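> Coordinates for the following, if possible.
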Amino acid sequence: MNRSNWKRIVVKVGSALIAPNRQGCSSHYLLSIAQFIVRCRMQGIQVVLVSSGSVAAGAHLFPEETKKNIAIKKAMAAAGQTEMMSTWDKLFDFPSAQVLLTHADLRDRERYVSIRETLDSLLDHGVLPIVNENDTVTTDKLKVGDNDNLSAMVATAADADALIICSDVDGLYDKNPHKHDDAKLLSWVDKIDESIYAMAGGAAEDGVGTGGMRTKVEAAEKAVSHGIDTFIINGFTELSFNLMLEGQNPGTHFQAHEKPMKENVHWMTHTSNAQGEVVIKEAFSDPLDEGVESLTSSEILDVKGEFSVGDTILVRREDGVKLAKAKSNYSSCLLNFIANEGNQKFASEFEEKTGPIISEQHIAVLENK
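Have a look, this model is predicted:
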């Protein structure tokens, strides 16, 4: 690892480190993390902290029998967020700022750019951004769901050089180290494929927070495709952070891609959710990344979902193969109308005057077809 090139990093800390006993926040495991952040800043490295733990921190304030209630969980998050911020603030002698996000903030391009500008301004003025998902108001439709993936989206928005994800194990093993004594640590991963996901196991196999090792690998995949080196390390041991400061890898290093995705393509692929689908004929063979304007209403078989001009949509064939995500220049209502066989003459004239359904500069071709 080449730590000398770091100018900005993102550190992700999970619920198990914040509130290990779900009896409020504890600084027991946070002291070494805070010291790591302090020492990074002393070396001129800007740090963004993504911190889970608001629900776990507020859990002790509510009766056990009520904790499965969604409204109570939101109340736990609201109460715990204050305690979590207070705990972090006590560990630093410089100002920090609370940044609460939902996926709706990240998938909207204008709000996404606004988030980037806010993070830049905070960092440039020496303020530590502490980011968390806004569990108090988020819904299933609006939430990221886990802070591992959130940390990758934040690292991308912040244009970080490295993402450090704290876990309860030393990194990614070839099998679950909690269940297998002969599990071997992978210190280096240069390609994330199905074999790597198989090693990560199920979404919550290791029982950490709302994610697990799989969500950490998902986060790594998002980050490295943007050119961000990603590390999964053991956040429970001070040695992990000391080794990082010495330029050594204490866990698993996911190597950043040498040729990162273009920023807008990465955002569309990994951050923006498709609001609907356009199903096209299987016979349509033109590459969607070249001559994309050749995709016309005559190739459209079906339009699914409701979306507006500017929303991200999924383009797929009728056999289910996903071809691309793209910004739609037409609403679903208008596309349904012009795709109707009885309106083809009007559609052809309309498209000639109005322009393509999707534009070449606003398309992300999907590799996993």
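
> in stretch 28-48, what's buried?
Burial within stretch 28-48, assessed by neighbour count using 16 or more other CB atoms under 10 Å, is assigned to 29-30, 32-34, 36-38, 40-41, 45-48. All C-beta atoms are positioned from the backbone trio N, CA, C, and that covers glycine.

> which one of those sits closest to E349?
The shortest distance between E349 and any of these, using CB to CB, involves V48 and amounts to 50.4 Å.

> Tell me the spacing between the closest one and A158.
When CB to CB, to the nearest Å is applied, the distance between V48 and A158 equals 5 Å.

> the helices in the protein, which residues?
With DSSP state H, the ranges of helices along the chain come out as 15-18, 30-42, 54-58, 70-90, 103-107, 109-124, 147-157, 194-200, 213-224, 238-245, 263-270, 332-339, 344-354.

> Contacts for the shortest one, please.
It refers to helix 15-18. Under the criterion CB atoms under 8 Å, 6 or more residues apart in numbering, residues 25-26, 29-30, 33, 51-53, 55-57, 84, 87, 166, 168, 208-210, 235-236 lie in contact with helix 15-18.

> residue ranges with poor pLDDT in the stretch 1-150 of the chain?
When residues are selected by pLDDT under 70, those of the stretch 1-150 of the chain lie in 1, 140-142.

> so what's Q46 bridging to?
Q46 forms beta bridges with R8, as assigned by DSSP bridges.

> From S121, how far off is it?
Noted for Q46: a distance of 12 Å to S121, by CB to CB.

> same thing with E65?
Taking CB to CB as the criterion, E65 is separated from S121 by 44 Å.

> Over to H178?
With distances defined as CB to CB, the gap from H178 to S121 amounts to 42 Å.

> what do you get for K179?
Computed as CB to CB, the K179 to S121 distance reads 46 Å.

> And the pLDDT at the residue nearest to C333 when sequence neighbours are not counted?
Distances taken as CB to CB, 6 or more residues apart in numbering put E306 closest to C333, at 7.8 Å, once the chain neighbours are dropped. You'll see E306 listed with a pLDDT of 89.

> my read: E306 touches G276, true?
Yes - distance between E306 and G276: 6.3 Å, which falls inside the contact criterion (CB atoms under 8 Å).

> More neighbours: which of those two?
G276 (18 against 12; other CB atoms under 10 Å).

> Let me see the contact set for that one.
For G276, the contact set (CB under 8 Å, 6+ apart) comprises 303-307, 311, 313-314, 328, 332.

> So what does it look like in phi/psi?
Backbone torsions of G276, given as degrees, to the nearest 10, read phi -170, psi -180.

> how much space is there between it and T312?
Applying CB to CB, the value for G276 to T312 is 9 Å.

> what is in contact with those two at once?
Shared contacts of G276 and T312, counting by CB under 8 Å, 6+ apart, come down to S328.

> Quick one: buried ones out of the contacts of helix 15-18?
Among these, those classed as buried by 16+ other CB under 10 Å are 25, 29-30, 33, 51-53, 55-57, 84, 87, 166, 168, 208-210, 235-236.
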